[in-house]
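> Fold the following for me, if possible:
(one chain, ligands or ions: 1)
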Amino acid sequence: MMELDALVIPTLQKTILVVEDSDAVRSVILSALEYEGYKTLEASNGVEALEVLKRQRPDLILSDINMPQMDGIQFYQAVRKIPSLTAIPFVFLTSHSDPADIQRGRELGVEDYLTKPIEPEALVKIINARLYRAAAIEAAQVNQAYLDTVNVLANAIEGRDRYTRGHVERVTTYSLWLARSLGWSERHLRVLEFGARLHDIGKIIIPDDVLNKPGKLTEEEWRLMRSHTIEGARMLRKIHHLRETLPYILFHHERWDGKGYPKGLSGKNIPIQARVLALADVYDALATTRSYRKSMPHEQVIEIIRQESGKHFDPHLVPRFIEIMNRMRDRIPRTRPLR
Ligand SMILES: [Fe+2]
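Below you'll find the model as predicted:
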């Protein structure tokens, strides 16, 4: 996730395809772009440009509209039909005398126009802006793809444990409320979202009959259940973009008084991420029907959390958490008893 924040546009490596039938105009544009450090490809009409595209994939296409053989609009439509090229940003070159062409382009979804005669400065500005926007969209899509993958994993756990349906979603919401009120950065909130969704991923190794056992667990079953923290961390530690979620997965069952697991850490030795998640996790566990007991009303859950301040939970976070949960009470999803 950090890599996405640090995404920079390496201008020197970007390639622009310029499609323009006038040799004079094309050469002015090519010089301006090359002066800025862009690599360039050129073609004098759509047919030639499609030939160029068979060999190389530019980062942006700059195309005139009025050209012989295949005009800019036809060329644009042809490019958009090629799956590997659909994401390439496209900028049209127009002259003031072509309002109908501009209208046609707009209808096709072309966002950017450069009007001839071309000012090299405006040309470079609009191309930089368009490339930056394309990179930002790509980064957002990659982030969404990560989140979708994580959701599939999280749902795989929930699907097996009939008492915790919706648990991951609610725990993520409550943790985000608390973290936001603590002034966490957007980047840390994003990591939290991944960590909260994946916190119980290690339960994948626990057999169904243990996971859904109505009665008390045996010592061996309990040991297995507790191992979900370490097993989860073991599963995810090699996934580079998820490494920052490990404190959530490994330490969400630690307690402020040192009586938690897996390490028995205490106080501020427990990463803040896990101290935040523990509050949200326990709130939802108590407010939801489990295999071993019925759900509790909000007031009763809040009272237990208050009593556990300095024992189970970080005493600095408890008042803040209680205040938020009381304030957001109308937005806390109702959890229906299952079956
Ligand atoms: Fe857990």
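> Going by C-alpha atoms from here, please, whenever you check contacts or count neighbours.
OK.
> What average pLDDT does stretch 21-40 get?
Regarding stretch 21-40, the rounded mean pLDDT is 90.
> Check stretch 82-92 too.
Here the average pLDDT along stretch 82-92 is 86.
> what's the first-to-last distance across it?
18 Å (CA to CA, to the nearest Å).
> Next, the buried residues of that stretch.
Residues of stretch 82-92 classed as buried: 88, 89, 90, 91, 92 (neighbour count, 16 or more other CA atoms under 10 Å).
> Any idea how far that stretch is from the middle of the chain?
23 Å (CA atoms, centre = their mean, to the nearest Å).
> Have a look at the chain and report the helix or strand with the lowest mean pLDDT.
In the chain, no helix or strand scores lower on mean pLDDT, DSSP states H and E than helix 2-5, which sits at a mean of 48.
> After that one, which helix or strand is next?
strand 15-19 (DSSP states H and E).
> Relative to residue 106, which of the buried residues of stretch 82-92 is nearest.
Comparing the buried residues of stretch 82-92 against residue 106 with CA to CA places residue 92 closest, at 10.2 Å.
> From residue 117, how far out is that closest one?
Distance of residue 92 to residue 117, given as CA to CA: 13 Å.
> What of residue 328?
57 Å.
> what distance separates the strand or helix carrying residue 234 from the middle of the whole chain?
If you go by DSSP H and E, residue 234 is part of helix 228-236. Its chain's C-alpha centre and that of helix 228-236 lie 22 Å apart, by CA atoms, centre = their mean.
> So which elements touch whatever helix or strand comes next after that helix?
Following helix 228-236 in sequence order, the next helix or strand is helix 246-251 (DSSP H and E). In terms of contacts (3 or more CA pairs under 8 Å, 6 or more residues apart in numbering; DSSP states H and E), helix 246-251 is packed against helix 186-198, helix 228-236, helix 272-287.
> Would you mind listing the buried residues in the longest one?
Burial within helix 272-287, assessed by neighbour count using 16+ other CA under 10 Å, is assigned to 272-287.
> Name the nearest of those relative to residue 37.
Nearest to residue 37 among the buried residues of helix 272-287, with distances taken as CA to CA, is residue 273, at 43.7 Å.
> Quick check: closest non-adjacent residue to the closest one.
Spatially, and ignoring its direct neighbours in sequence, residue 273 is nearest to residue 248 (5.9 Å; CA to CA, 6 or more residues apart in numbering).
> Same question for residue 279.
Counting by CA to CA, 6+ apart, residue 313 is the residue found nearest to residue 279 once chain neighbours are left out, at 6.9 Å.
> Look up how far residue 258 lies from the one you found.
Taking CA to CA, one finds residue 313 at 10 Å from residue 258.
> So for those two, which residue has more residues nearby?
residue 313 (24 against 16; other CA atoms under 10 Å).
> Could you check how far the more buried one is from residue 53?
Distance of residue 313 to residue 53, computed by CA to CA: 60 Å.
> what are the phi and psi angles of residue 60?
Backbone dihedrals for residue 60, given as degrees, to the nearest 10, come out at phi -160, psi 150.
> Who are the contact partners of it?
15, 16, 17, 88, 89, 90, 91, 127, 131 (CA atoms under 8 Å, 6 or more residues apart in numbering).
> could you dump those residues to JSON lines with distance to residue 171?
As requested, the contacts of residue 60 are exported to JSON lines (distance: CA to CA, whole Å):
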{"residue": "15", "distance to residue 171": "45"}
{"residue": "16", "distance to residue 171": "47"}
{"residue": "17", "distance to residue 171": "49"}
{"residue": "88", "distance to residue 171": "39"}
{"residue": "89", "distance to residue 171": "39"}
{"residue": "90", "distance to residue 171": "43"}
{"residue": "91", "distance to residue 171": "45"}
{"residue": "127", "distance to residue 171": "43"}
{"residue": "131", "distance to residue 171": "38"}
